[in-house]
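Asks: 3D, please:
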Amino acid sequence: MHYIEIVNTEVGLYDRSLANISSVNLATFIGATTGARVGDPQVEWDPQGGRWLYASLEVYSGDDKLAFGWSKGGDAPGLTLANTDWCNFHIDTTTNLHDYPKLGHDANFILIGANIAAGGTTFTSASIWAIPKPAAGDTSCTAPMASEFGSQASPLEHLPPDGPNFVQTPVPGNTADNATTGYIASIDLGYIGVWHVSPTRVGGCGAAPCLVGDGEIQITPWNPPSAGTEFTVPQPGGNPSVDALDGRLTQAVQRSDPTAAGAEALWTQHTTQDVSGRTVLTWYELIPPLCSGMVCGASAKRQEGVIANPNLSVFNGAVSPTSHGDAAVIQYNTSSATSFIDSRAQSRDAADPLSTMSGELVLRSSTVADTDGSCQTPFGPPCRWGDYAGASPDPTSCSLVWGSTMLAGDIASTRLPTWVTQNFAVGEGKVRSAVSTRQYTLAGSDGATWLDMDAGQLQVASAPCTDSRALITANADLFTSSSGVNQDIAIFVDIDGVAGIVPLAWKESGGSNGTFSPNAAYAQAEFPMPAGHVYTVRLKWKASHSTSGTIFAGAGPLVGSAYSPSRLTLELFPTAPAIASTTSQPKNTGSDGVTWIPIPGISSVSLAPAVDSRVVLGGNADLFTDAAGYNQDIGITLNGALIAWKESGGFNGTFSPNAAFVQTTANLAAGQTYVAQLVWKTNRRAASNASIYAGAGPLPGTTTSFSPTSLTAILLPASPNPHEALSTQQHQLTSSDGSTWLDLGVQAVVSPTLSVNAIVSANVDLWTANAGFNQDIGVFVTDNGGPAQLLVWKESGGFGGTFSPNAAFAETVYTMVVGHTYVYSLKWKTNHSAAGSGATIYAGAGPIAAVFSPTRLLIDLVP
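Replies: Below you'll find the predicted structure:
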């Protein structure tokens with residue numbers, strides 16, 4: 001499948017990786033003759049006809065034309081932009097310029113909406129052209145009989161209650177399914193009018209085809225710019241403002257929406273202005289079939305959302321559903337008096353609340369301000385900004401939307417900036433995450449009832465369009481105010497509104513050995529998510545047993561900041577990560593402190609990639625001891641070699657689980673077989689009757705359902721991703737002032753080739769030599785050499801025990817922009833001032849054979 005981009009001067013043909021195959025001048029492509037001025041082109045893929053369609057203005061001195069055409073052979077692998085591969089046609093409109101032509105189609109017609117300007121200057125009416133599509137397989141280029149609706153003598157008007165206002169800039173939908181009827185939309189100040197073209201005679205229509213008015217869909221009223229002006233957006237450096245148009249619709253995509261009972265939905269958008277005068281983007285999902293008898297009820301507007309930013313002007317947008325119809329992507333430009341024009345995108349999942357978009361990505365940034373010739377007298381200011389943005393669903397992927405937009409590029413030899421375009425494919429989101437920096441409390445837990453930590457904020461929803469597997473993680477700093485009360489955290493999944501009863505995964509954080517001593521708990525689970533359902537993932541918690549005391553989530557706060565974040569993250573995979581797990585309670589008695597042995601009940605994970613690959617391995621277990629003074633070591637071996645390990649403290653408490661997580665990566669060669677195993681031992685030789693355990697619990701009402709112990713393997717393509725940095729030294733920090741974050745000496749530099757979300761994590765054994773000092777670990781990032789930003793932090797408790805490592809894990813989701821260079825680093829400090837005390841905290845347990853447990857920073861880019 002190809003991707004075609006068309007702008008005022010040129011047409012580009014690309015493959016699915018967006019590598020340019022060929023390009024040609026627009027006038028040549030449409031078959032214009034010498035002297036033509038061409039512009040306002042649009043191109044669409046018609047899945048019903050299996051052809052590419054296009055439309056463009058074609059203007060000569062004293063004579064105007066509307067050009068249109070289609071690809072003869074559909075999207076054949078050998079498709080070119082040569083005229084021999086296309087059928088080109090030209091409608092002569094004499095001196096009536098058909099300005100702002102908007103292309104759409106349905107099962108029967110190519111549809112073009114335009115504004116008629118008599119003599120090229122005076123608006124007289126909107127116009128809608130209906131052009132019969134060629135039969136499947138027809139390569140004859142027989143000229144079709146085009147029909148026009150709307151003229152100076154019979155202008156198109158909005159219907160009651162909005163009529164008789166003139167229709168302007170009608171936009172036909174790019175019909176992306178097999179619907180027979182395609183809808184056409186035009187916006188007014190409080191309504192969007194909708195029409196369709198019937199291939200048969202309807203009502204008082206004299207002869208087919210007939211333009212049928214469906215009705216006016218009421219929207220939130222908006223204020224247009226003053227007469228004779230358009231919305232504008234600022235640029236930095238005192239440069240001229242940019243034209244953001246006058247609030248007209250600029251494109252529309254039609255697709256049935258399974259979450260709207262399968263009705264045909266029309267998605268469209270326009271630029272408006274908020275009360276501050278800053279431009280915003282308003283988008284709509286309309287259901288025209290719910291209009292009847294030229295009357296549209298409130299339900300005909302299914303969604304109305306606004307993309308706004310308190311610091312930026314938002315404009316030049318395009319929205320499209322996915323080919324599944326229940327999710328969508330919107331792309332747009334932003335600008336301000338202090339920042340160049342960006343290209344950005346957001347998406348919505350079918351499970352998201354109506355009228356919302358989220359997960360903003362910066363796709364690309366301009367390198368200069370726009371100061372082209374249109375900015376100067378007599379043409380401006382403002383600077384002209386177009387071509388219009390476009391967005392279309394990927395016909396072969398149910399989660400992708402493709403699009404094109406524009407930016408200001410490098411300075412040309414003329415000293416004027418060069419307009420550049422950005423093509424892209426954006427998914428509805430493989431990663432969904434919820435985070436809170438509040439501190440939560442739970443008093444008087446009965447030890448049996450799981451309660452939402454924050455039902456409003458700490459949940460994520462997903463409705464995948466194809467059968468998927470989800471890797472779900474929960475990360476929180478947990479502690480207690482009452483010694484002897486542990487804190488349980490769990491992941492629950494609701495399906496189609498039916499609440500999950502049993503936790504998918506849960507972990508316990510020990511409170512037996514100290515109060516107000518946080519542990520960075522981490523729970524991980526894999527869950528199948530067949531398409532056609534809405535899944536809601538919740539973070540719940542309780543005490544380990546009935547108590548009158550209080551448990552907490554969220555350490556801190558930092559000075560002038562918030563508490564350590566509690567986060568819930570869901571990542572979708574097309575195939576399941578390999579996983580081995582048990583809900584029994586394995587036991588290791590009399591460990592010699594040297595020999596790593598497999599954890600009973602956890603089978604090995606066999607990996608035999610057909611191509612060179614990268615694997616991310618994670619081991620997750622609640623570890624504890626029945627004999628004070630013995631810590632629990634957990635590790636991962638690959639083909640028998642230890643490649644990562646962590647230590648869980650048992651020095652000052654027994655029967656007090658810690659939710660340990662150990663993570664590592666490895667490169668795998670094609671055709672080789674690898675065996676990963678989760679192993680354990682004590683940190684030193686144990687007494688013959690001393691045991692360590694994996695698995696807290698059991699769950700109330702059961703005798704055998706303990707917290708899961710698991711080993712997960714995620715296969716990825718061979719590449720530097722995930723990016724990582726690690727140290728196997730033992731680091732120490734003495735007399736920290738409790739507020740200054742200091743480098744741990746672990747950093748990674750990442751320059752993404754695409755704008756992506758990154759799952760960023762830190763995994764480190766933290767401990768103290770001085771009771772009462774907890775250890776804070778933070779992940780920082782700099783963007784293009786800017787100031788360091790704290791992304792996530794966690795606290796590891798040292799209140800009640802010394803020389804007792806905790807396997808701390810901190811995870812966050814961070815959006816990265818193509819072309820930027822990011823430097824990630826680990827920093828640390830004590831939780832309060834140890835200045836002058838000589839108190840010391842450490843990172844790295846062990847050693848084993850002179851090597852300490854790895855301190856690891858991982859940046860996993862998720863395209």
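Asks: Can you give me the neighbour number for residue 644?
Replies: Using other CB atoms under 10 Å, residue 644 has 23 other residues around it. The C-beta positions use only the backbone N, C-alpha and C, and glycine is treated the same way.
Asks: For it, give the beta-bridge partners.
Replies: Beta bridges link residue 644 to residue 636, judged by DSSP bridges.
Asks: can you pull the contacts of it?
Replies: 617, 635, 636, 662, 663, 664, 854, 856 (CB atoms under 8 Å, 6 or more residues apart in numbering).
Asks: please redo it, this time with the cut-off set to 7 Å
Replies: Residue 644 makes contact with 635, 636, 662, 663, 664, 854, according to CB atoms under 7 Å, 6 or more residues apart in numbering.
Asks: Over to the fifth one. Which of the three states is it?
Replies: So that's residue 664. Assigned with DSSP: H, G, I helix; E, B strand; the rest coil, residue 664 falls in the strand class.
Asks: doesn't residue 641 make contact with it?
Replies: No - if you go by CB atoms under 7 Å, residue 664 and residue 641 don't touch, sitting 11.3 Å apart.
Asks: Of these two, which one has the most company?
Replies: Counted by other CB under 10 Å, residue 664 and residue 641 do not tie: residue 664 has more neighbours, with 23 against 8.
Asks: Just want the phi and psi numbers for residue 258.
Replies: Reported as degrees, to the nearest 10, the phi and psi values for residue 258 are phi -60, psi -20.
Asks: Could you find the closest non-adjacent residue to it?
Replies: Of all residues not flanking residue 258 in the chain, residue 326 sits nearest, at 5.2 Å (CB to CB, 6 or more residues apart in numbering).
Asks: next one: residue 74
Replies: In space, and not counting its chain neighbours, residue 74 is closest to residue 50: 4.3 Å by CB to CB, 6+ apart.
Asks: Return the distance of that neighbour relative to residue 18.
Replies: As defined by CB to CB, to the nearest Å, residue 50 lies at a distance of 22 Å from residue 18.
Asks: Return the helix or strand bottoming out on mean pLDDT in the chain as PDB; C-alpha atoms alone will do.
Replies: Least confident helix or strand, the chain: strand 417-427 with a mean of 88, by mean pLDDT, DSSP states H and E. Output of strand 417-427 as PDB, limited to C-alpha atoms (Å, rounded to 0.1, in the frame of the first residue of the first chain):
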ATOM      1  CA  PRO A 417      12.200  30.000   5.000                       C
ATOM      2  CA  THR A 418      11.100  26.900   3.100                       C
ATOM      3  CA  TRP A 419       7.700  25.400   3.700                       C
ATOM      4  CA  VAL A 420       8.200  21.700   4.500                       C
ATOM      5  CA  THR A 421       5.600  19.000   5.100                       C
ATOM      6  CA  GLN A 422       5.500  16.300   7.700                       C
ATOM      7  CA  ASN A 423       3.900  12.900   6.800                       C
ATOM      8  CA  PHE A 424       3.200  10.400   9.600                       C
ATOM      9  CA  ALA A 425       1.300   7.500  10.800                       C
ATOM     10  CA  VAL A 426       0.000   7.800  14.400                       C
ATOM     11  CA  GLY A 427      -1.600   4.900  16.400                       C
END
